[in-house]
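Chemist: Okay, predicted coordinates and the sequence, questions at the end:
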There are 2 protein chains.
Amino acid sequence: MIIVADNLRITLPAIGRAVEQLDPEPIRQMAGACIDAGAQAIDINSGPLSRHPEEKMTFLVRTVQEFVDVPIVLDTANPRAIAAGLAASRHKATINGVSLEPVRLKRVLPLARQYDCDIIGYLLGPDGQVPIDASGRMEAAVALFNEMQTAGISPERIIIDPVVAPLIWQDGNRQNMAVLEVIRTLPDLLGFPVRTIAGLSNLTTDAPDPNTRQRYQGAFLPMLAAAGISMILLDILDPTIMRVASLSQRITDGTVFTWQ
Amino acid sequence: MIIVADNLRITLPAIGRAVEQLDPEPIRQMAGACIDAGAQAIDINSGPLSRHPEEKMTFLVRTVQEFVDVPIVLDTANPRAIAAGLAASRHKATINGVSLEPVRLKRVLPLARQYDCDIIGYLLGPDGQVPIDASGRMEAAVALFNEMQTAGISPERIIIDPVVAPLIWQDGNRQNMAVLEVIRTLPDLLGFPVRTIAGLSNLTTDAPDPNTRQRYQGAFLPMLAAAGISMILLDILDPTIMRVASLSQRITDGTVFTWQ
């Protein structure tokens, strides 16, 4: 289970300002903190970047990579920003991501093919909506896997995100049981040991306080680990969550166990 | 997921002395504390009771039931103690348990049939050893399920314990992944929605300190819940573990979700 930091996000005021002013320091600080906390990859959540997407994404990628040397994930729906990020990245970056929405497939898949890079596919319907049950997610997975391969992307490059549901949705807990089932069964369903990723913070959207957020995430994370998730996107600066991530790895990864 | 307190155990000095002296007070106190902490059932772990098993188990069952009104689980390998406990119990008690060991099958199954009570079956080989992998556990489950039905026990009465492995065993983490797989797949394998139970404290046998114990149990418990475990035997007086149990229930049980 690879831990991806979700902390570098433009919605944080300090990061938003830094991107606007092309000021590298707050970005370096955040990237450094993520590495110190054990990040194995960093998600650069730039949002849509509606103004100057190329310049801003290039600045973000270069700033992070001048300072730390871990894989980066380009988390934006803007194909221009994705293209700029891929071009600026020293190593192959990961695209985050596509779904069955036709406009995204059409504009993002060629970039993944051109750069031969990893790409995350979300299990959403062509309308961008979350499927209502496990079988809807399975159908989306098969359709998306096929679309991506048809576009010339090799299955080794594909990472499926089954989309963790906010618990507070009317059927959020049931949806998340479907998420676990999808993670477990995708390799059989697709006939390929496809990698999977999940964004943990989605679970606790609109949680009333940080304790509640931490506790629910800390209980769901081991479930994801036991289901066989390949990568997890989480708040790496929360030591409680990171401790649970580490415990979950030690329980599930099959290497020689020692306490501590 | 039903929470069964594992706290009433004769290996605790205060409980051991109370049983020896037929002093009800420490037993009442422990049973009351378990109920206050949210126990939905209480495991009476009397050990083998090699001297005066009938008298001591009768005393234990009556003392608990004079004071609290939850289901009890008779946790002993001694058939004489089991018989006395079943006879003394106000409601149907649960037998904990049998395995494929011939002597246990022969002496315990007739009691389960006579009292038409729930009975826990451990997935161990006929030699009392833990199977080495998931398929060994599956074979034991099929064999045990058949033995129990042949002895006239209805499938609704059977609860399977796949035997949580101490992490510190050479292949403890791998074994516990097999435990989760067995819990998930038993209903399909047996063609019956058989109930399952797991003893959480086994996981941390020989843990170096209480924090380590608590943290590993707190990470494995959600995995058991997500696998669909029906009952869990745990230290109900540990508020951290109980909080994780409650969170896990809220995430997995499919009822309407609310925070807290």
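Modeler: Arrived safely. Numbering: from 1, shown residues only, chains lettered A, B, ... in the order given.

Chemist: which residue packs closest to A:Asp127, ignoring adjacent ones?
Modeler: Nearest residue to A:Asp127, sequence neighbours excluded (C-beta to C-beta, 6 or more residues apart in numbering or on different chains): A:Glu101, at 7.5 Å. For the C-beta atoms, the positions are set from N, CA and C on the backbone; glycine is no exception.

Chemist: What count of nearby residues applies to the one you found?
Modeler: 17 (other C-beta atoms under 10 Å in any protein chain shown).

Chemist: got a list of what it touches?
Modeler: A:124, A:126-128 (C-beta atoms under 8 Å, 6 or more residues apart in numbering or on different chains).

Chemist: what do you get for A:Ser230?
Modeler: A:1-2, A:159, A:195-197.

Chemist: what's the answer for A:Gly254, then?
Modeler: A:Gly254 makes contact with B:173-174, B:177, according to C-beta under 8 Å, 6+ apart.

Chemist: top of the residues you listed by neighbour count?
Modeler: B:Asn173 (22 neighbours).

Chemist: Got phi/psi on it?
Modeler: phi -70, psi -40 (degrees, to the nearest 10).

Chemist: how about the nearest residue to it once chain neighbours are set aside, phi and psi?
Modeler: Leaving aside its sequence neighbours, B:Asn173 sits nearest to A:Phe257 (C-beta to C-beta, 6+ apart; 5.0 Å). Main-chain dihedrals, A:Phe257, degrees, to the nearest 10: phi -90, psi 140.

Chemist: how far away is A:Phe257 from A:Gln40?
Modeler: Counting by C-beta to C-beta, to the nearest Å, the gap from A:Phe257 to A:Gln40 is 20 Å.

Chemist: more crowded one of those two?
Modeler: Neighbours per residue, other C-beta under 10 Å: of A:Phe257 and A:Gln40, the larger number sits with A:Phe257, 19 against 16.

Chemist: Tell me who's in contact with that one.
Modeler: A:250, B:167-168, B:172-173.

Chemist: tell me which of those is nearest to B:Pro110?
Modeler: Lowest distance from B:Pro110 to these (C-beta to C-beta) belongs to B:Gly172, with 34.9 Å.

Chemist: Surely the closest one is in contact with B:Val164?
Modeler: No. Here B:Gly172 lies out of contact with B:Val164, judged by C-beta atoms under 8 Å, at a distance of 9.2 Å.

Chemist: Looking at these two, which one has more neighbours?
Modeler: For the pair B:Gly172 and B:Val164, the greater number of neighbours falls to B:Val164 (25 against 18), based on other C-beta under 10 Å.

Chemist: so that one sits in a helix?
Modeler: No. Counting by DSSP: H, G, I helix; E, B strand; the rest coil, B:Val164 is not found in a helix; it is coil.

Chemist: Look up how far chain A lies from it.
Modeler: 11 Å (C-beta to the nearest C-beta, to the nearest Å).

Chemist: how about the strands of the stretch 101-250 of chain A, start to end?
Modeler: A:119-122, A:158-161, A:195-199, A:231-234 (DSSP state E, counting those that start in this stretch).

Chemist: Now that we have these, can you turn them into JSON lines and tack on mean neighbour count, mean pLDDT and distance to chain B?
Modeler: Converted to JSON lines, the strands of the stretch 101-250 of chain A look like this (neighbours: other C-beta atoms under 10 Å in any protein chain shown; pLDDT from 0 to 100; distance: least, C-beta to the nearest C-beta, whole Å):
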{"stretch": "strand A:119-122", "mean neighbour count": "25", "mean pLDDT": "98", "distance to chain B": "21"}
{"stretch": "strand A:158-161", "mean neighbour count": "23", "mean pLDDT": "98", "distance to chain B": "18"}
{"stretch": "strand A:195-199", "mean neighbour count": "23", "mean pLDDT": "98", "distance to chain B": "13"}
{"stretch": "strand A:231-234", "mean neighbour count": "24", "mean pLDDT": "98", "distance to chain B": "14"}
